[in-house]
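K.L.:
sequence unknown, structure follows:
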C-alpha cells in the first residue's frame, strides 16, 4: 500500500521523494514548496525533515509523529464539514515557513523531534481512528506539505476504510505536488495569514502569491471542502483596509460560500512583545467579511456564541448553534437546508450532527 521506500541506514525512517532535481553545481534542489531549498550532501532544508541523502531528497520522518489527539472537527477549524464529529489529529516536526508568531512553535520549530517521535505507520493510524470512532484524520500541528509522502500514504489507508482526510495547512506548495496531495484530501483549512506581500515576507519568510494560487486551485480544480483562517495580529494585518481587500478577493476569486475564520492572536514564539488581539477587532473583521458578501464568517480563540454559530445568509435564522466547540441548536433539514426559508447551507453535512462535543482526548498509538 505504501508508495515510499526506505533508502538506507543513515536515517532509519527516510523515504524516497520525487520533487527535486540536480543542479549544475552538484547540489540538489527541493521542488516541493516555493522555498526551493538547495542542498549539499547531508544538508536538511529549512523544514528540517527533508534532506539530501546520497544525492536524493529524502523525507526523514516517515512513520513518526509528534503526537496524537482526538478533537472536535470544529477545532481545525472546520464548521461546515461533518459538524460535531471527532477527528484524529496528528503532525510531525518542522515547517517550511518561519512564522515569528507560530502558535505551535514547540513542534514546528523543533530540532530534536527526530529522537522523540513515536512510530506511527499508516495502518496504525487508521486502525486507531477506526477504534475511536473518528470520522476523519487531520494532518495538522505542523504543515502536511513537508511530510507529503507520509500524509498521502496515511490518506490512502484512511480512504480504504471510509475515513475522511483533512489538511490544515498554510498552502505554501508547488503546483505538481499540490495536485497530487489534494487528490487524497476531503477537506482543508488553509491559513490565509494576511493579504500583503510585506507581511508574508517579513513575518513568515515566504510569499503571498503561491498561497493565493493554492486557494484558487483547491476551490476550482478539486472537490475538497475549503475553509480559511486568518490570525489577526495587532499592527500587522488588522487594518480595515486589508480585511476589506482580503474578503473582497475571497468573494471574487473563491466565492461567497467559502467560510472565513478570524482568530485572536496571543503573544508567542518570537512575537512576545505584541499584545493580544482585542476581541472587538476580530468581531469587526467578521462583520467586514459579512458586509462584503461572505456567507459564513466566524471568530476564533475567543468566546462569542454569535461569532461561533452558523446563520442562514438568506433569512438570518440560526442554523447551527455553537458555544466554543460544543454544538447546541441544529436547524438544518436532512438535505442541509434552512428550516425557516429552505436555503441550503454550503458544506458537507449528514442528516444529524455528531455528538463528540468539546472534549479533547490524548491518544497513544
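P.N.:
That came through fine. Since the model is a prediction, treat every value here as computed from it, not as a measurement.
K.L.:
which residues of the stretch 251-365 of the chain fall in helices?
P.N.:
Taking DSSP state H, counting those that start in this stretch as the criterion, the stretch 251-365 of the chain carries its helices at 279-291, 305-308.
K.L.:
looking at stretch 249-263 now, give me its mean pLDDT.
P.N.:
The average pLDDT for stretch 249-263 rounds to 98.
K.L.:
typo on my end, it should be stretch 294-305
P.N.:
Averaged across stretch 294-305, the pLDDT comes to 97.
K.L.:
what of stretch 48-64?
P.N.:
Per-residue pLDDT values over stretch 48-64 give a mean of 94.
K.L.:
ok, now stretch 184-196?
P.N.:
On average, the pLDDT along stretch 184-196 is 98.
K.L.:
same thing with stretch 343-363?
P.N.:
Mean per-residue pLDDT for stretch 343-363: 96.
K.L.:
which residues of the stretch 1-150 of the chain score low on pLDDT?
P.N.:
Within the stretch 1-150 of the chain, the stretches with pLDDT under 70 are 1-13, 104-117.
K.L.:
residue boundaries of the helices in it?
P.N.:
Under DSSP H, counting those that start in this stretch, the stretch 1-150 of the chain gives helices at 105-108, 122-131, 148-160.
K.L.:
nearest to residue 171, of the helices of the stretch 251-365 of the chain?
P.N.:
helix 279-291 (18.7 Å; C-beta to C-beta). Any C-beta I mention is one placed from the backbone N, CA and C, and that applies to glycine too.
K.L.:
packing partners of that closest one?
P.N.:
strand 225-232, helix 240-253, strand 260-264, strand 297-300, helix 305-308 (3 or more C-beta pairs under 8 Å, 6 or more residues apart in numbering; DSSP states H and E).
K.L.:
tell me, how many residues neighbour the residue nearest to residue 161 when sequence neighbours are not counted?
P.N.:
Once flanking residues are discounted, residue 161 sits nearest to residue 126: 5.2 Å by C-beta to C-beta, 6 or more residues apart in numbering. Using other C-beta atoms under 10 Å, the number of residues around residue 126 comes to 23.
K.L.:
ok, residue 161 next?
P.N.:
Neighbours of residue 161 (other C-beta under 10 Å): 12.
K.L.:
sorry, back to before: tell me the most buried of the helices of the stretch 1-150 of the chain?
P.N.:
helix 148-160 (a mean of 22; mean count of other C-beta atoms under 10 Å).
K.L.:
give me the distance from it to the chain's centre.
P.N.:
Remark: helix 148-160 is offset 16 Å from the chain centroid, using C-alpha atoms, centre = their mean, to the nearest Å.
K.L.:
measure the spatially closest residue to residue 77 that is not a sequence neighbour to residue 120 for me?
P.N.:
Among residues not flanking residue 77 along the chain, residue 261 sits closest, at 5.1 Å (C-beta to C-beta, 6+ apart). Per C-beta to C-beta, to the nearest Å, residue 261 is found 28 Å from residue 120.
K.L.:
more neighbours, those two?
P.N.:
Counted by other C-beta under 10 Å, residue 261 and residue 120 do not tie: residue 261 has more neighbours, with 29 against 22.
K.L.:
touching, that one and residue 231? I think so.
P.N.:
No: contact between residue 261 and residue 231 fails when scored by C-beta atoms under 8 Å: they sit 9.3 Å apart.
K.L.:
find residues that contact each of those two.
P.N.:
Taking C-beta atoms under 8 Å, 6 or more residues apart in numbering as the contact criterion, no residue touches both residue 261 and residue 231.
K.L.:
ok, what's across the strand from the residue nearest to residue 77?
P.N.:
Beta-bridge pairing of residue 261 under DSSP bridges involves residue 229, residue 298.
K.L.:
how close does it get to residue 242?
P.N.:
Using C-beta to C-beta, residue 261 is found at 16 Å from residue 242.
K.L.:
still on that earlier bit, turn the helices and strands packed on helix 279-291 into a markdown table, including distance to residue 188.
P.N.:
As requested, those are exported to a markdown table (distance: least, C-beta to C-beta, whole Å):
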| stretch | distance to residue 188 |
| --- | --- |
| strand 225-232 | 6 |
| helix 240-253 | 15 |
| strand 260-264 | 13 |
| strand 297-300 | 16 |
| helix 305-308 | 20 |
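K.L.:
just these: most buried one?
P.N.:
Among the helices and strands packed on helix 279-291, strand 260-264 has the highest mean neighbour count (mean count of other C-beta under 10 Å), at a mean of 25.
K.L.:
how distant is that strand from the center of its chain?
P.N.:
Strand 260-264 sits 13 Å away from the centroid of its parent chain (C-alpha atoms, centre = their mean).
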